[in-house]
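generate a structure from the sequence data that follows.
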Amino acid sequence: MAAEHRVPAPRLESQLADHLHGFLRDLRTSGLCVSTPKQLDFLHGIEIGRPNAIDVLYWIAVTTLTSSLRDRDVLDPVFARWFTDESIPPSPAPEDGPADDGEVPGPVGRDATATAENVDPRGTDDGLEPSAADLEHRRRFDVAPRAALDEMARIRQLAPTVIPAVRSYRRKPSRRGHWLDLRRVCTLARRTQGEIIVLRRRSRPRRQRRVLLLIDVSGSMKQYSTAYLRLAHALIAGCERAEAFTFGTRLTRVTPALRTRDVDAALGSLTDLVRDVDGGTRIGAVIDEFLDNPRYVATARDAVVIVLSDGLERGECQQMHRTVRRLSLLSHRLVWWSPLAVDPAYRPRTRGMAGILADLDALAGVDDLTSARTQLERLRATCTSERHHIGERRDRIPETTRSAS
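Have a look, this model is predicted:
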């Protein structure tokens, strides 16, 4: 079937250059509502996939420009008019596969020809089910609307007031310190023939606790990961010390990228940096990797740790329980923000979430920047009150461990 539609790559590139914009205009004229993000996905799919056959180009168009069988009915004749005079190839889905529910989800670009072998049989491929598949995915994030920029500005102003301060271990010169600065006193005494005239002091200044964000960018979090990354950008700009990591099937430090002043440019740089976006979910394995890295684990010690995830683990739940507990012992506070918890009827009854409740200081619902700002305002009380957990802790943190860290 593919051989019938294959054409030389230069000719295909010429067709795309001459007809691409007309094809998209014809789709809109024919009644198919193609939004700007969908058009960008279509162009990005062509850029990544570099199709050298009409059938490959067709499936890129289907996966990026349509969302139902009704859309396919509009797309097929328009595509045939612009790119081929022959019939459109049938869907590659196997005959014994699940019945079509009207949705046509799928990957973009070089993954556009994926068959049912790439789909986890335990769940759908609409981004709402967790997956353990370790596939590389890339996504271009939408431009932040005006409302999101305003909300981010409020978060930047709010962050310094809600993050608790702590005494630094490093002593600095101070006018009213508790410790004598003997080095400076002796240096000054040499100027007066050894006579001590002025006492210099040192103190431990107060500084904000470190903030650590662990952001789930797996397929089940596709609707929320953009808002979470914008939140991370605002907190990194508003806090003295903030670190951000993304995770799905692998761990990625995104702090340097999010330090870019422009949020759209910052998120744009994540397209090539974060390779597991919209992919599978292995929370336990990723946190284990974080804790085993000496440079990374230092960012969690005595920090306010915020995990933004739905907690749908497709790996080993026991590993998730063990690693979250270790993270809780290291941190000053461990807070879990889940989009599922926005629903008042939500109960953490999955094996993964039920097993970590004893190690969380708070579990709250966050699905956009507005709800994130609301939870940040409540974070002050969580961080300043005596530490307690949602569930009964199995033991307490030894004071020696806390002070040594």
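
isn't G45 up against T63?
Yes - when contacts are counted by CB atoms under 8 Å, G45 is listed as touching T63 (7.2 Å). C-betas here are computed from N, CA, C, even on glycine.

off-centre distance for stretch 268-283?
Relative to the chain's own centre, stretch 268-283 is displaced by 8 Å; criterion: CA atoms, centre = their mean, to the nearest Å.

oh, that last question was meant for stretch 237-253, not what I typed.
For stretch 237-253, the distance between its averaged C-alpha position and the chain's averaged C-alpha position is 8 Å (CA atoms, centre = their mean).

that older thread, out of G45 and T63, which sits in the busier spot?
Between G45 and T63, counting by other CB atoms under 10 Å, G45 is the more crowded of the two (25 against 22).

do you know how far the more buried one is from T226?
19 Å (CB to CB, to the nearest Å).

next one: C383
Using CB to CB, we find C383 at a distance of 27 Å from T226.

now do L334
24 Å.

show me which of the two is the more surrounded one.
Between L334 and T226, counted using other CB under 10 Å, L334 has the larger neighbour count: 25 against 18.

packing partners for the helix or strand harbouring that one?
According to DSSP states H and E, L334 maps onto strand 333-338. Taking 3 or more CB pairs under 8 Å, 6 or more residues apart in numbering; DSSP states H and E as the contact definition, the neighbouring helices and strands of strand 333-338 are strand 304-308, helix 317-330, strand 362-365, helix 369-384.

to L20, which of those lies closest?
Using CB to CB as the criterion, the shortest distance between L20 and the helices and strands packed on strand 333-338 is 34.5 Å, found for helix 369-384.

angle of that closest one against strand 333-338?
Between the direction of helix 369-384 and that of strand 333-338, the angle (axes from the mean of the first three to the mean of the last three CA atoms, to 10 degrees) works out to 160 degrees.

pull helix 369-384 out as PDB, backbone CA atoms only.
Presented in PDB, the C-alpha positions along helix 369-384 are these (Å, rounded to 0.1, in the frame of the first residue of the first chain):
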ATOM      1  CA  LEU A 369      -2.100  28.900  38.100                       C
ATOM      2  CA  THR A 370      -5.000  30.300  40.100                       C
ATOM      3  CA  SER A 371      -5.300  27.200  42.300                       C
ATOM      4  CA  ALA A 372      -1.500  27.100  42.600                       C
ATOM      5  CA  ARG A 373      -1.500  30.700  44.000                       C
ATOM      6  CA  THR A 374      -4.300  29.700  46.500                       C
ATOM      7  CA  GLN A 375      -2.200  26.800  47.700                       C
ATOM      8  CA  LEU A 376       0.900  28.900  48.000                       C
ATOM      9  CA  GLU A 377      -1.000  31.200  50.400                       C
ATOM     10  CA  ARG A 378      -1.800  28.200  52.500                       C
ATOM     11  CA  LEU A 379       1.800  27.000  52.400                       C
ATOM     12  CA  ARG A 380       2.900  29.500  54.900                       C
ATOM     13  CA  ALA A 381       0.800  27.900  57.600                       C
ATOM     14  CA  THR A 382       2.000  24.400  56.600                       C
ATOM     15  CA  CYS A 383       5.600  25.400  56.800                       C
ATOM     16  CA  THR A 384       5.500  27.400  60.100                       C
END
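
tell me what that helix is packed against?
Using 3+ CB pairs under 8 Å, 6+ apart as the contact test, the elements touching helix 369-384 are helix 146-162, helix 225-238, strand 333-338, strand 362-365.

which stretches of the stretch 51-200 of the chain have low pLDDT?
Along the stretch 51-200 of the chain, segments meeting pLDDT under 70 span 85-138, 168.

now do 50
With pLDDT under 50 as the threshold, the stretch 51-200 of the chain has low-confidence stretches at 87-135.

ok, which stretches of it are strands?
Using DSSP state E, counting those that start in this stretch, the strands assigned to the stretch 51-200 of the chain run over residues 165-167, 172-174, 179-180.

any idea how far L158 is from the residue lying closest to L369 once chain neighbours are set aside?
In space, and not counting its chain neighbours, L369 is closest to E151: 4.0 Å by CB to CB, 6 or more residues apart in numbering. Summarising the geometry, the distance separating E151 from L158, computed by CB to CB, is 10 Å.

now the common contact residues for the two.
Shared contacts of E151 and L158 (CB atoms under 8 Å, 6 or more residues apart in numbering): R373.

ok, those two, which is more surrounded?
Of the pair E151 and L158, E151 is the one with more neighbours under other CB under 10 Å, namely 21 against 18.

the strand holding L334 pairs with which strands?
strand 304-308 (parallel), strand 362-365 (parallel) (DSSP bridges).

in a markdown table, list those along with mean neighbour count and mean pLDDT.
Converted to a markdown table, the strands paired with strand 333-338 look like this (neighbours: other CB atoms under 10 Å; pLDDT from 0 to 100):
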| stretch | mean neighbour count | mean pLDDT |
| --- | --- | --- |
| strand 304-308 | 25 | 97 |
| strand 362-365 | 18 | 95 |
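
turn those into CSV, columns for distance to L69.
Conversion of the strands paired with strand 333-338 to CSV gives the following (distance: least, CB to CB, whole Å):
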stretch, distance to L69
strand 304-308, 34
strand 362-365, 34
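
check R373 and give its pLDDT.
Per-residue confidence for R373 comes out at a pLDDT of 95.

equivalent analysis for the one 5 residues further on, please.
In the prediction, the pLDDT value recorded for R378 is 90.

dump the residue contacts of it.
A362, A364.

mind checking how far it is from V366?
Applying CB to CB, the value for R378 to V366 is 11 Å.
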